[in-house]
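# the following block contains a protein sequence and its predicted model.
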Amino acid sequence: MKKELRMVVTLSTFVFLVMMGLSLISPILPLYAISFGASVFMVSMLVAAFAVSRMLLDLPAGLLGSRYHPKSLMLFGLALISSSSIICAFAPNYWVLLAGRIIEGAGSGFYTTMSTTLLVMSVPQESRGRYMSIFTAMLLLGGITGPGVGGLIASVWGLRAPFLFYALVTAVGFLLVGLLVERDQTPTVKERITLKDVREIAAIPSVLLVNLATFSLFFTRAGVTSTVVPLFAYNNLGMTEEVLGGILTFTALSTFLTMTPSGTYTDRHGRKPSMMACLVLTGVVTMLIPLATEQFGFTGLMTAYGLTLGLSGPMAAWMSDLVPREKLSAAMGLFRTVNDAGFVAGPAVLGAVAGATLDGARLTFWPFLLAGIFLFVITVALLKARDPVGEGKAASRGAVPE
């Protein structure tokens, strides 16, 4: 097996385990918090605390990536996740549980940022799209399989058991990273990166545009998929939790199906065409969702929605094309921060719009329309972004790049 392919398989396996562990506690987290007497707002704080903690640690993790070996920071992140899971499992009250979630978010920030950085640095540009898509697809697959596993574990051994299982999974990941990721075979950055370097990276016009595109997609995925769609399904279509869970799982599987092929396409034709198609088509489908009047039509639209999201392919690959190799660690920290900012902002903004525009108990089209228009606006802006891979392919064909 080629060195870079072995690295892709290793890191993709690890990220699958970590994401499966993270998502397996999602079905039981509200019930577990309520067992401590938590209100609905306090339950939402458990979700927000994790996301904000991860967002705030993504960039520091990227900066530290220029001072310490990526393997060391990955191990540190996994140690935090495993420890926080044990804290949550044996939490005597809500506030200890909240602290555990904050530590878990910090560990996730370190691990995800450094594993993405290590993968980007380990694979050649000509196959970066395909390999990054495999990594992203395995991350997504872990998120798909986790909730079912977590619900089954909780039903057999109780609400604390999924946290202990998560601690075990990440402990296994810790051992595998320690044994299989060799320091002398992984690239490192010898030059220290500062906040000034980050500002210079963020000021590159194409980097800014690609980050905006990334933000818009994560804003939509978190705001529409996780917030507005469930409310629409429950209030407008009268669906049960089980039916909606099945539909959302199928939506995620649809994204998984198009993710890797789109990555291969970007290696051959450039990053921009696939990303722009993703933004436009996702925007169109998003605005069609509130037109669904029954389960069959809703399922079809959500399947199309999942397929179009997968066309985004390896967003991190495009980001890495635009940044010097010695600054990739900071670039990935910035990239992950933007991702998580979208996850935080999407539910807050679209949830607020949905609540302000209710027709009785029913959702209106306004939050869906806002998300779609946002994606269209970013698509137009993205026309100005450079696409080094696309430019190289055009030059090799004797064409003049835009």
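Received, thanks.
# where does Lys384 land in three-state SS?
coil (DSSP: H, G, I helix; E, B strand; the rest coil).
# got the contact list for it?
Pro205, Ser206, Leu209 (CB atoms under 8 Å, 6 or more residues apart in numbering). For the C-beta atoms, the positions are set from N, CA and C on the backbone; glycine is no exception.
# pull the contacting residues for the closest residue to Gly62 other than its chain neighbours.
Counting by CB to CB, 6 or more residues apart in numbering, Gly62 lies nearest to Gly333, which is 1.8 Å off, once chain neighbours are set aside. The contact partners of Gly333, by CB under 8 Å, 6+ apart, come to Asp58, Leu59, Pro60, Ala61, Gly62, Leu63, Gly65, Thr113, Thr117, Val198.
# which element is the nearest residue in space to the second one that is not next to it in sequence on?
Using CB to CB, 6+ apart and skipping the chain neighbours, the partner closest in space to Leu59 is Gly333 (4.3 Å). With the criterion set as DSSP states H and E, the secondary-structure element containing Gly333 is helix 328-356.
# any weak-confidence spans in the stretch 251-400 of the chain?
The stretch 251-400 of the chain contains residues with pLDDT under 70 at 398-400.
# ranges for the helices of it?
When assigned using DSSP state H, counting those that start in this stretch, the helices of the stretch 251-400 of the chain occupy the ranges 272-288, 295-310, 315-321, 328-356, 366-382, 388-396.
# okay, those in JSON lines with distance to Ile102 next?
Below are the helices of the stretch 251-400 of the chain laid out as JSON lines (distance: least, CB to CB, whole Å):
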{"stretch": "helix 272-288", "distance to Ile102": "32"}
{"stretch": "helix 295-310", "distance to Ile102": "29"}
{"stretch": "helix 315-321", "distance to Ile102": "25"}
{"stretch": "helix 328-356", "distance to Ile102": "14"}
{"stretch": "helix 366-382", "distance to Ile102": "29"}
{"stretch": "helix 388-396", "distance to Ile102": "38"}
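# so which of those helices comes closest to Leu257?
Leu257 sits nearest to helix 295-310 of all these, at 6.5 Å, using CB to CB.
# the closest one packs against which elements?
helix 241-269, helix 272-288 (3 or more CB pairs under 8 Å, 6 or more residues apart in numbering; DSSP states H and E).
# kindly export that helix (C-alpha atoms) in PDB.
Only the C-alpha atoms of helix 295-310 are listed here, as PDB (Å, rounded to 0.1, in the frame of the first residue of the first chain):
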ATOM      1  CA  GLN A 295     -44.100  12.100   3.700                       C
ATOM      2  CA  PHE A 296     -43.200  10.700   0.200                       C
ATOM      3  CA  GLY A 297     -42.500  14.100  -1.300                       C
ATOM      4  CA  PHE A 298     -40.600  15.300   1.800                       C
ATOM      5  CA  THR A 299     -38.400  12.100   1.600                       C
ATOM      6  CA  GLY A 300     -37.600  12.800  -2.100                       C
ATOM      7  CA  LEU A 301     -36.600  16.400  -1.400                       C
ATOM      8  CA  MET A 302     -34.400  15.400   1.600                       C
ATOM      9  CA  THR A 303     -32.700  12.700  -0.600                       C
ATOM     10  CA  ALA A 304     -32.000  15.300  -3.200                       C
ATOM     11  CA  TYR A 305     -30.800  17.700  -0.500                       C
ATOM     12  CA  GLY A 306     -28.300  15.100   0.700                       C
ATOM     13  CA  LEU A 307     -27.000  14.300  -2.800                       C
ATOM     14  CA  THR A 308     -26.400  18.000  -3.500                       C
ATOM     15  CA  LEU A 309     -24.600  18.600  -0.200                       C
ATOM     16  CA  GLY A 310     -22.200  15.800  -1.100                       C
END
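# quick one, it and helix 241-269 angle?
30 degrees (axes from the mean of the first three to the mean of the last three CA atoms, to 10 degrees).
# buried ones in helix 295-310, by neighbour count?
Phe298, Thr299, Leu301, Met302, Thr303, Ala304, Tyr305, Gly306, Leu307, Thr308, Leu309, Gly310 (16 or more other CB atoms under 10 Å).
# looking at those residues, which one is closest to Val280?
Lowest distance from Val280 to these (CB to CB) belongs to Thr308, with 8.6 Å.
# isn't that closest one right next to Met276, touching?
No - the criterion here is CB atoms under 8 Å, and Thr308 misses it with Met276 at 11.7 Å.
# ok so, going back, can I get the helices and strands packed on helix 295-310 in a markdown table including mean neighbour count and distance to Gly223?
A markdown table is the format used below for those (neighbours: other CB atoms under 10 Å; distance: least, CB to CB, whole Å):
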| stretch | mean neighbour count | distance to Gly223 |
| --- | --- | --- |
| helix 241-269 | 19 | 14 |
| helix 272-288 | 21 | 10 |
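# now distance to Arg362 too, for the ones you listed, in TSV please.
Converted to TSV, those look like this (distance: least, CB to CB, whole Å):
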stretch	distance to Arg362
helix 241-269	16
helix 272-288	17
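# my guess is Lys272 meets Glu391, correct?
No - at 9.6 Å, Lys272 does not count as touching Glu391 under the criterion of CB under 8 Å.
# so how far is Lys384 from the residue nearest to Leu59?
24 Å (CB to CB, to the nearest Å).
# burial count for Gly65?
Neighbour count of Gly65, defined by other CB atoms under 10 Å: 27.
# ok, the one 5 residues further on next?
Residues contacting Pro70 under the criterion other CB under 10 Å number 26.
# 375 is where my numbering starts, stick with that
That works, and once the first residue is 375, the last one we named lands at Pro444.
# quick check: chain neighbours aside, which residue is closest to it?
Leaving aside its sequence neighbours, Pro444 sits nearest to Leu492 (CB to CB, 6+ apart; 4.3 Å).
# okay, buried residues for the stretch of helix or strand that neighbour belongs to please.
Following DSSP H and E, one finds Leu492 within helix 468-496. Across helix 468-496, burial judged by 16+ other CB under 10 Å covers 468, 471-472, 474-496.
# packing partners for that helix?
helix 377-398, helix 403-408, helix 414-438, helix 444-463, helix 502-531, helix 689-695, helix 702-730.
# only alpha carbons, please: show the shortest one as PDB.
Extracted in PDB, the C-alpha atoms of helix 403-408 (Å, rounded to 0.1, in the frame of the first residue of the first chain):
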ATOM      1  CA  LEU A 403     -27.900  13.700  26.000                       C
ATOM      2  CA  PRO A 404     -31.200  15.500  26.500                       C
ATOM      3  CA  LEU A 405     -32.600  12.700  28.700                       C
ATOM      4  CA  TYR A 406     -29.400  12.400  30.700                       C
ATOM      5  CA  ALA A 407     -29.400  16.200  31.300                       C
ATOM      6  CA  ILE A 408     -33.100  16.100  32.300                       C
END
